[in-house]
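J.: Quick check, what structure comes out for this input:
(one chain, ligands or ions: 1)
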Amino acid sequence: MAEEYDFDVVVVGAGFAGLYALHKFRDELHLNVRVYEAGDGVGGTWFWNRYPGARCDSESYYYCYSFSPELAQEWEWSGRYPEQPEIERYLNHVADRFELRRDIQLSTRVTAAAFDDEATRWTIRTDRGDTVTARFLVTAVGCLSAPNVPDIPGLDDFAGDVYFTAKWPREPVDFTGQRVGLVGTGSSGIQATPEIAAQAAHLTVFQRTPNFSIPARHKAFLSEDQAKIKDGYDEIFALTRESFAGFPFHPVDRKTMSVPEDERQAILDGLWEEGGFKFLWGGFVDLTRDPEANEIASEYIRNKIRETVKDPETAELLCPKGYPYGAKRPPIDTDYYETFNRDNVTLVDVSAAPIEAITPTGLRTMTAEYELDALVFATGFDAMTGALTRMDIRGTGGVALADAWSDGPRTYLGLQVAGFPNLFTITGPGSPSVLLNMPVAIEQHVDWIAECIEYLREHGCSRIEATEAAQEAWAEHVAEVGEASLFARANSWYVGANIPGKPRVVMPYAGGQPMYRERCEAVRDAGYEGFVLDGAAR
Ligand SMILES: Cc1cc2nc3c(=O)[nH]c(=O)nc-3n(C[C@H](O)[C@H](O)[C@H](O)COP(=O)(O)OP(=O)(O)OC[C@H]3O[C@@H](n4cnc5c(N)ncnc54)[C@H](O)[C@@H]3O)c2cc1C
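T.: Sure, this is the predicted structure:
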């Protein structure tokens with residue numbers, strides 16, 4: 001039944017961000033909070049992405065919340081990179097443990113939100129017919145939650161089954177005996193490929209751009225691993241908050257060119273054997289900064305691909321060229337390259353011969369037709385802005401967020417948008433967000449927002465809004481750091497290049513966590529510099 005209520009805070013989304021936001025605002029600030037979630041379960045990313053092979057790439061012991069030492073001590077991760085069901089179980093455990101469910105309305109999509117200047121309140125509407133008001137609107141909608149459905153002619157005419165990795169069915173899909181086509185070789189495609197290949201009669205992977213993938217080296221944890229992790233949590237979490245990208249790796253100051261070639265090779269071999277994100281962040285300090293250093297790591301990975309994949313032509317097609325390692329979101333895999341040695345797997349280069357159409361019986365490229373029984377799209381997301389602009393959010397004067405961002409997103413600290421008072425965006429564009437191990441970015445944002453709301457309350461204020469000047473200065477800084485970074489040098493979702501017509505902007509803040517945290521704290525300590533507050537503090 002449709003309802004009409006007034007809340008202190010409405011939170012949109014019940015993934016890592018929304019769950020923690022609810023706990024923080026309700027249980028620490030004692031606010032009246034309602035969470036709306038489009039899915040019929042909590043978990044966000046880990047509710048929707050149920051495709052075969054879905055697991056985290058950050059390691060379990062730091063891809064988790066740090067806010068509750070008790071939670072960290074009581075939860076047992078089964079291994080280095082848990083699969084989707086285990087992370088979904090963890091987030092459900094969090095929802096139960098902190099009694100969050102009673103304030104979460106599932107299967108409800110927020111369709112619109114408008115700011116009422118006079119009342120200093122947001123009016124929020126849902127697809128279930130609810131209209132509620134709230135002093136603050138906090139989006140926890142996820143950077144990677146608005147699936148990108150490619151506009152390929154004929155998709156509706158395909159006679160077989162069509163799947164999207166980003167909204168996989170709850171019931172397991174059985175590809176036994178089927179000819180499967182997989183479109184997209186980003187992180188999800190790379191995780192799904194070996195699993196589907198092991199089941200299908202034949203798998204054809206349609207690749208536009210090859211990716212640099214590092215072996216995950218997944219392993220189950222023994223009880224001594226568990227004990228070591230639990231004993232070390234204080235240091236692990238401290239490191240995640242201090243490090244450049246939110247990983248608990250001790251900082252290295254070694255530059256690639258500062259070590260002799262044989263030693264360098266040995267270090268890279270060690271990192272390759274260890275597997276995971278450490279290859280980018282844990283060996284040399286300059287892979288993300290110095291093109292020459294990056295090229296050494298890039299060529300190292302290419303040579304590993306050439307060593308692994310037996311057919312030289314396939315190997316060469318799988319070797320990324322023309323952009324640096326790390327400029328796209330680096331995938332972590334289990335037997336991805338090895339899978340192309342299977343007799344039932346074919347790689348098709350759709351950069352040379354683009355996809356023209358889906359036919360009733362398969363897929364047609366410029367040069368060939370492929371008969372298929374099922375199609376899997378691992379085509380990613382309208383990242384960072386999609387989930388926000390797909391809602392009709394209107395600020396003062398009825399201005400739509402989608403219009404305010406028509407030339408690319410502009411925010412103050414990725415936390416607020418000028419003209420949209422009392423709206424906070426967790427991991428919004430212009431914050432480090434997807435360039436960090438995300439739970440770390442999420443907790444920092446939620447804590448900052450909670451402190452801000454508390455400050456407003458203590459100072460008798462009901463309204464906070466970023467100034468245009470502060471937003472412009474921050475947006476300029478984000479652009480400057482972004483353009484100078486390696487992320488500007490590839491056509492990736494970081495810059496919106498996967499969505500036709502999306503403005504090309506390095507959306508996340510590339511200056512690293514330490515600089516970003518320092519800035520957020522300085523703004524707070526200066527009484528929310530760059531924001532206009534009403535009431536006593538104005
Ligand atoms: C396959 C995959 C693997 C990943 N692995 C890692 C990893 O290893 N390390 C890492 O740091 N990050 C990883 N990420 C990024 C991941 O998204 C974040 O780590 C984290 O889960 C984000 O949490 P969130 O709560 O911000 O967003 P999400 O988990 O995306 O949750 C957002 C929720 O908001 C809901 N929502 C959106 N719009 C509306 C609306 N209008 N109304 C109601 N509800 C709405 C969505 O349904 C969704 O449930 C991965 C992402 C994917 C897709």
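J.: Past the helix or strand of the chain with the lowest mean pLDDT, which element shows up next along the chain?
T.: The weakest-scoring helix or strand in the chain, judged by mean pLDDT, DSSP states H and E, is helix 278-281 (a mean of 92). Moving toward the C-terminus from helix 278-281, the next helix or strand (DSSP states H and E) is helix 291-308.
J.: Could you list the buried residues of whatever helix or strand comes next after that next one?
T.: Remark: after helix 291-308, the chain's next helix or strand is helix 312-318, criterion DSSP H and E. If you call a residue buried by 16 or more other CB atoms under 10 Å, then helix 312-318 has these buried ones: Thr314, Ala315, Leu317, Leu318. Every residue, glycine included, has its C-beta placed from N, CA and C.
J.: Spatially, what comes nearest to the third one if we skip its sequence neighbours?
T.: I take that to be Leu317. Distances taken as CB to CB, 6 or more residues apart in numbering place Asp349 nearest to Leu317, at 5.3 Å, with adjacent residues excluded.
J.: Then Glu465?
T.: Pro421 (3.8 Å).
J.: hmm, back to that, where's the least confident helix or strand of the chain relative to the chain centroid, distance-wise?
T.: Offset of helix 278-281 from its chain centre (CA atoms, centre = their mean, to the nearest Å): 18 Å.
J.: And for stretch 188-201?
T.: 22 Å.
J.: and it with the ligand, contact?
T.: Yes: Stretch 188-201 reaches the ligand (CB under 6 Å from any ligand atom) through Ser188.
J.: Just the buried residues of that stretch, please?
T.: 188-200.
J.: can you list those in TSV and add pLDDT?
T.: Below are the buried residues of stretch 188-201 laid out as TSV (pLDDT from 0 to 100):
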residue	pLDDT
Ser188	98
Gly189	98
Ile190	98
Gln191	98
Ala192	98
Thr193	98
Pro194	98
Glu195	98
Ile196	98
Ala197	98
Ala198	98
Gln199	98
Ala200	98
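J.: if we can go back for a sec, can I assume the residue nearest to Leu317 is in contact with Cys319?
T.: No: Asp349 lies out of contact with Cys319 (CB atoms under 8 Å); the separation is 11.7 Å.
J.: who's in contact with the residue in the stretch 401-538 of the chain that the ligand sits nearest to?
T.: Proximity of the stretch 401-538 of the chain to the ligand (CB to the nearest ligand atom) peaks at Met438, 3.3 Å away. Counting by CB atoms under 8 Å, 6 or more residues apart in numbering, Met438 touches Phe16, Ser58, Tyr63, Cys143, Gly246, Thr427.
J.: Next one: Val481 from Pro508, what distance?
T.: Note on Val481: its distance to Pro508, by CB to CB, to the nearest Å, is 10 Å.
J.: can you list the residues of the stretch 101-250 of the chain near the ligand?
T.: Arg109, Val110, Ala140, Val141, Gly142, Leu144, Ser145, Ser188.
J.: farthest pair in the residues you listed?
T.: Val110 and Ser188 (25.3 Å; CB to CB).
J.: Find the nearest non-adjacent residue to Val505, please.
T.: Closest to Val505 by CB to CB, 6+ apart is Gly408, at 3.5 Å.
J.: quick one: pLDDT of the one you found?
T.: The model reports Gly408 with a pLDDT of 97.
J.: Now name the helix or strand holding it.
T.: Judged by DSSP H and E, Gly408 forms part of no helix or strand.
J.: how about it, what does it touch?
T.: Gly496, Pro503, Arg504, Val505, Met507 are the contacts of Gly408 under CB under 8 Å, 6+ apart.
J.: Repeat that for Lys24.
T.: Phe67, Val446, Asp447, Ala450.
J.: any idea how far the residue nearest to the first one when sequence neighbours are not counted is from Ser66?
T.: Meaning Phe67. Nearest non-adjacent residue to Phe67, counting by CB to CB, 6+ apart: Glu443, 5.9 Å away. Using CB to CB, Glu443 is found at 6 Å from Ser66.
J.: same check, this time on Ala245
T.: Taken as CB to CB, the span from Ala245 to Ser66 is 16 Å.
J.: Could you do Val505 as well?
T.: From Val505 to Ser66 the distance is 31 Å (CB to CB).
J.: and these two? which has more neighbours close in?
T.: Val505 (23 against 18; other CB atoms under 10 Å).
J.: what residues does the stretch 301-450 of the chain put near the ligand?
T.: Ala387, Met391, Thr427, Asn437, Met438, Ile442.
J.: Let's test this: mean pLDDT of stretch 379-388, rounded?
T.: 98.
J.: which other helices and strands contact the biggest strand by length in the chain?
T.: Longest strand in the chain by number of residues, with DSSP state E as the criterion: strand 131-139. Counting contacts by 3 or more CB pairs under 8 Å, 6 or more residues apart in numbering; DSSP states H and E, strand 131-139 packs against strand 6-12, strand 121-126, strand 423-425.
J.: From the chain's centroid, how far away is the last one?
T.: Translated: strand 423-425. 18 Å.
J.: if you average pLDDT over it, what comes out?
T.: 98.
J.: Pairing partners for that strand, with directions?
T.: Strand pairing for strand 423-425, determined by DSSP bridges: strand 131-139 (parallel).
J.: Okay, angle between the strand it pairs with and strand 6-12 too, please.
T.: Strand 131-139 and strand 6-12 are oriented at 50 degrees to each other (axes from the mean of the first three to the mean of the last three CA atoms, to 10 degrees).
J.: now strand 131-139: mean pLDDT?
T.: For strand 131-139, the per-residue pLDDT averages 98.
J.: immediately after it, which helix or strand?
T.: Next along from strand 131-139, by DSSP H and E: strand 161-164.
J.: Tell me which helix or strand comes right after that following strand.
T.: Strand 161-164 is succeeded, C-terminally, by strand 179-183 (DSSP H and E).
J.: Can I get that next one in PDB, CA atoms only?
T.: Extracted in PDB, the C-alpha atoms of strand 179-183 (Å, rounded to 0.1, in the frame of the first residue of the first chain):
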ATOM      1  CA  ARG A 179      26.700 -23.000 -28.000                       C
ATOM      2  CA  VAL A 180      27.200 -19.800 -25.900                       C
ATOM      3  CA  GLY A 181      28.300 -16.400 -27.100                       C
ATOM      4  CA  LEU A 182      29.800 -14.000 -24.500                       C
ATOM      5  CA  VAL A 183      30.100 -10.300 -25.300                       C
END
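J.: and for that strand, what are the contacting residues?
T.: Strand 179-183 is touched from outside by 150, 189, 192-193, 196, 200-206, 355, 362-363, 370-379, with contacts defined as CB under 8 Å, 6+ apart.
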